[in-house]
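Visitor: predicted structure and sequence below. I'll ask about it afterward.
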Amino acid sequence: MRAAGSYDSFMVTPLVRGASLAACAALCAGALASACRPAPPPPGASDKPAYDADSAIAHDNEAGAQAGSIEGGPMMDAAAAILAASGDGGHGNGADASVDDDPMANHHNTREELLALFTIKDFTDDEKKRIQPDAFLRNAFGVEGPGKMNQGNKAIAKHTISKAQCLAGLKNIVVQTPEQRAKCGADNMVPVWIKGKEPWFCIDVFEFPNRPCELPFVWTPPAYAKKVCELQGKRLCAQTEWNIACRGDPDGGDDQRYAYGNKVDIEICHTNLRHRTACNAHDAKLAFNTCSTDTEPSGSFPKCRSRFGVFDQHGNVAEVMMRRDGEQVVTQLKGSAWFYNELVREPDQPIPETTTNKAGAYPDHCNFDPRWHVEKLEEGFHVNYHLGFRCCKSIP
């Protein structure tokens, strides 16, 4: 992103089309293209929070089915998929308390530390040969640059909230009830529904890696986000699902414009910062070295939570999801990041004088429907320093 730009992005392009994702992960790290700008909204699109019809839900459900999933069984630590994990995997159990008090200590330094933050399914030998989860994980995650999924460039990042502070803020919040755990079959997920219908999906409470008080991952190509969700027995969220989890009321009340209410408030979520330094968007390598990922641990803003219990759908990092476009499943990028202060505006209202990037300003409400870097999901390789994701899961 340029210093005064909005949602610029970069593309990591696999050198061999048709190759497995594991092979693409190994090949794409050096194939980095120049930045591009967000496309304008499609004709007829509105800033108003239009409610989704049942047909939109059906389309997105069909998109999820068409995108496919990987069947599997019990969960195992992702790091153990490529080498034996030891101790508590950096989760803080029995760790030096001073580490949890240092905000920068939450920004991990190795691939193994990143992989220890999430789990994948336990595959059979035949499934491992077909899916190659070990090779994919080994090549897709790393801290060395924008060709790998990581938490951003630690050398230039600034985090101000420690894991200990974040956990203290969540102390009296029930992240997931036993009933929700049983319904979703996974930790840190909640079931979601609309009035008059039974729950049909669950959504991660936190941005990936879906752990309380860990930093979200960025520099993630949409195709890789899809793969990671599937390796966990989940899938990438459909836009309609994400919208409902953001705006909806489990008690059947009226929808809200934002997860936290009906009027924008950039103090509630991690949305009230600006870029600290100039960000060079000439290519992804320069962006990695100049564009700081100033995120905070997921859940650090306890009021930034939807009524279904989903955190950080505004701020911290924007998110990639999927939607149906005609006969194909495409990427959908939406949400906002920590620097939304530069871009804030309300629907149908004049752009505030305090918004510095007036050309890129947009309303970050639950139903906002932008067209940023649209690609076929299976071929989606746009990445940047402020784009993450979360996973969903269908309820049988």
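Guide: Noted; the coordinates are in hand. Since we're looking at a predicted model, the values are computed, not measured.
Visitor: my guess is K376 contacts D325. True?
Guide: No. Between K376 and D325 there is no contact under CB atoms under 8 Å: 9.0 Å. Where you see a C-beta, it was placed from the backbone N, CA and C, and this is true even at glycine.
Visitor: neighbour-wise, which of these two wins?
Guide: Neighbours around K376 and D325, counted as other CB atoms under 10 Å, are more numerous at D325. The numbers are 17 against 13.
Visitor: next one, pLDDT for A63 please.
Guide: For A63, the pLDDT comes out at 56.
Visitor: how about N289?
Guide: On the pLDDT scale, N289 is placed at 96.
Visitor: residue contacts, it?
Guide: Residues in contact with N289 (CB atoms under 8 Å, 6 or more residues apart in numbering) are 153, 156, 280.
Visitor: which of these has the weakest pLDDT?
Guide: Within those, pLDDT reaches its minimum at N280, with 92.
Visitor: enumerate every residue touching that residue.
Guide: Contact partners of N280, counting by CB under 8 Å, 6+ apart, are 2, 286-287, 289-291.
Visitor: now for those: which two are most distant?
Guide: Taking CB to CB as the measure, those reach their widest spread between R2 and N289, a distance of 14.4 Å.
Visitor: just the helices in the stretch 251-396 of the chain please.
Guide: Per DSSP state H, counting those that start in this stretch, the stretch 251-396 of the chain has helices spanning 284-290. These are given in chain order.
Visitor: so where's it uncertain?
Guide: Scanning the stretch 251-396 of the chain for pLDDT under 70 picks out nothing.
Visitor: Y260 and R305 touch, don't they?
Guide: Yes. Counting by CB under 8 Å, Y260 does reach R305; the two are 7.1 Å apart.
Visitor: so where is the stretch 1-150 of the chain shaky, pLDDT-wise?
Guide: In the stretch 1-150 of the chain (pLDDT under 70), the answer is 1-98.
Visitor: if we use 50, what do you get?
Guide: With pLDDT under 50 as the threshold, the stretch 1-150 of the chain has low-confidence stretches at 1-7, 13-19, 21-56, 69-73, 76-77, 79-95.
Visitor: mind listing the helices for the stretch 51-200 of the chain?
Guide: Going by DSSP H, counting those that start in this stretch, the stretch 51-200 of the chain shows helices at 54-67, 97-100, 111-115, 125-131, 133-140, 163-169, 178-184.
Visitor: how about the strands in this structure?
Guide: Secondary structure of the chain (DSSP state E): strands at 10-11, 75-77, 119-121, 189-192, 201-204, 235-236, 318-325, 328-334, 382-383, 387-389, 391-394.
Visitor: surely L115 meets F141?
Guide: Yes. Because the distance of 5.8 Å satisfies CB under 8 Å, L115 is recorded as touching F141.
Visitor: what is the burial count for the closest residue to G185 other than its chain neighbours?
Guide: What sits nearest to G185 in space, not counting adjacent residues and going by CB to CB, 6 or more residues apart in numbering, is K393, at 7.4 Å. By other CB under 10 Å, the residues close to K393 number 22.
Visitor: ok so, going back, now list the buried members of the contacts of N280.
Guide: Neighbour-count burial within the contacts of N280 applies to 2, 286-287, 290-291; the criterion is 16 or more other CB atoms under 10 Å.
Visitor: just give me the closest of these to H107.
Guide: Within the buried ones among the contacts of N280, distances to H107 taken as CB to CB reach their minimum at C291, with 15.1 Å.
Visitor: and the nearest residue to the closest one once chain neighbours are set aside, how many neighbours does it have?
Guide: In space, not counting the residues next to it along the chain, C291 is nearest to C279; the distance is 4.0 Å by CB to CB, 6+ apart. Applying the criterion other CB under 10 Å, we find 21 residues in the vicinity of C279.
Visitor: same deal with P250?
Guide: Other residues within reach of P250, judged by other CB under 10 Å, total 16.
Visitor: ok, the one 5 residues further on next?
Guide: Counted with other CB under 10 Å, residues neighbouring D255 total 19.
Visitor: that one contacts C246, correct?
Guide: No. In this structure, D255 sits apart from C246 without contact. The criterion is CB under 8 Å, and the distance is 9.2 Å.
Visitor: mind listing what the nearest residue to H159 once chain neighbours are set aside touches?
Guide: Closest residue to H159 apart from its sequence neighbours, by CB to CB, 6+ apart: P103 at 4.2 Å. When contacts are counted by CB under 8 Å, 6+ apart, P103 touches 159-162, 165.
Visitor: same list, these, but as a markdown table with distance to T355 and pLDDT please.
Guide: Output for the contacts of P103, formatted as a markdown table (distance: CB to CB, whole Å; pLDDT from 0 to 100):
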| residue | distance to T355 | pLDDT |
| --- | --- | --- |
| H159 | 25 | 98 |
| T160 | 23 | 98 |
| I161 | 25 | 98 |
| S162 | 30 | 98 |
| Q165 | 29 | 98 |
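Visitor: buried among those residues? Make that a ChimeraX selection.
Guide: In ChimeraX, the members of the contacts of P103 classed as buried (16+ other CB under 10 Å) are selected with the following command:
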select :159,161,162,165
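Visitor: now, among the contacts of P103, which is nearest to F301?
Guide: When those are compared for distance to F301, the smallest value, 8.8 Å, is given by I161; criterion: CB to CB.
Visitor: is it true that the closest one touches S298?
Guide: No. Counting by CB under 8 Å, S298 is not a contact partner of I161; they are 10.6 Å apart.
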